[in-house]
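A.B. asks: The amino acid sequence is not available; the structure is as follows:
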Ligand SMILES: C[S@@+](CC[C@H](N)C(=O)[O-])C[C@H]1O[C@@H](n2cnc3c(N)ncnc32)[C@H](O)[C@@H]1O
């Protein structure tokens, strides 16, 4: 099933400060914004949460990466590394077992649509250090006025099964993220740790 959202941003309906705060970053981690879009999370991470850290902003959409490159140059930021790559394939310039935290916001449903969920989890798993974290923010699989079609949304239970199968354990779940919808909030955030 084709499902592409090049350049879309969650900035208007997700609170970047709230999401990044849940990761309990110490300030010097190596962090990956996987499927970064316009990079609003990467920028916030660099500005407020990772003064001594390094941020990889990865997206398959070359225009998004070109804009981030411009932002980096204009603001003389050296610890933001933007990479144009497909998250289901080899990601250049990132060593295996070098990343502390991967954050993926409103991207994972695309891999359900393309039937690449296992590939992506395994591909990114090898980049994480042991004990590293993989955090996902996604639309809940309930009817609402916005977001991807219901049939490609994942429940947090579905993600738990998938990640546990691939050597992760769940360490955190917040089901109160995002916009108000009829049944509560629109999103959940789930965090796994690499075992
Ligand atoms: C809905 S946007 C979310 C962007 C950003 N995470 C945010 O929350 O604002 C989904 C992003 O994932 C990117 N994307 C989709 N499939 C991808 C893939 N296979 N590899 C890398 N990026 C991908 C798209 O180009 C798009 O920028």
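C.D. replies: Perfect, I can see it now. Keep in mind the model is a prediction, meaning the values are calculated, not measured.
A.B. asks: need the contact list for the closest residue in space to residue 35 that isn't next to it in sequence.
C.D. replies: With C-beta to C-beta, 6 or more residues apart in numbering as the criterion, residue 35 has its nearest non-adjacent residue at 3.3 Å, and that residue is residue 107. Any C-beta I mention is one placed from the backbone N, CA and C, and that applies to glycine too. Residues in contact with residue 107 (C-beta atoms under 8 Å, 6 or more residues apart in numbering) are 34, 35, 87.
A.B. asks: any idea which of these is the one closest to residue 81?
C.D. replies: Using C-beta to C-beta, residue 34 is the member of these that sits closest to residue 81, with 13.0 Å.
A.B. asks: That closest one touches residue 85, doesn't it?
C.D. replies: No: look at residue 34 against residue 85 with C-beta atoms under 8 Å: they stay out of range, at 9.8 Å.
A.B. asks: Tell me the buried residues in the helix or strand hosting residue 110?
C.D. replies: Element membership of residue 110 [criterion: DSSP states H and E] is helix 108-113. Residues of helix 108-113 classed as buried by neighbour count (16 or more other C-beta atoms under 10 Å): 108, 109, 110, 111, 112, 113.
A.B. asks: List the residues that contact residue 14.
C.D. replies: So residue 14 contacts 105, 106, 137, 177, 178, 187 (C-beta under 8 Å, 6+ apart).
A.B. asks: got it, and residue 38?
C.D. replies: 7, 9, 11, 64, 67, 68.
A.B. asks: out of these, which are buried?
C.D. replies: 9, 11, 64, 68.
A.B. asks: right, and out of those residues, which lies closest to the ligand?
C.D. replies: residue 9 (3.9 Å; C-beta to the nearest ligand atom).
A.B. asks: The closest one is in contact with residue 43, isn't it?
C.D. replies: No: here residue 9 does not reach residue 43: they are 11.3 Å apart, not a contact under C-beta under 8 Å.
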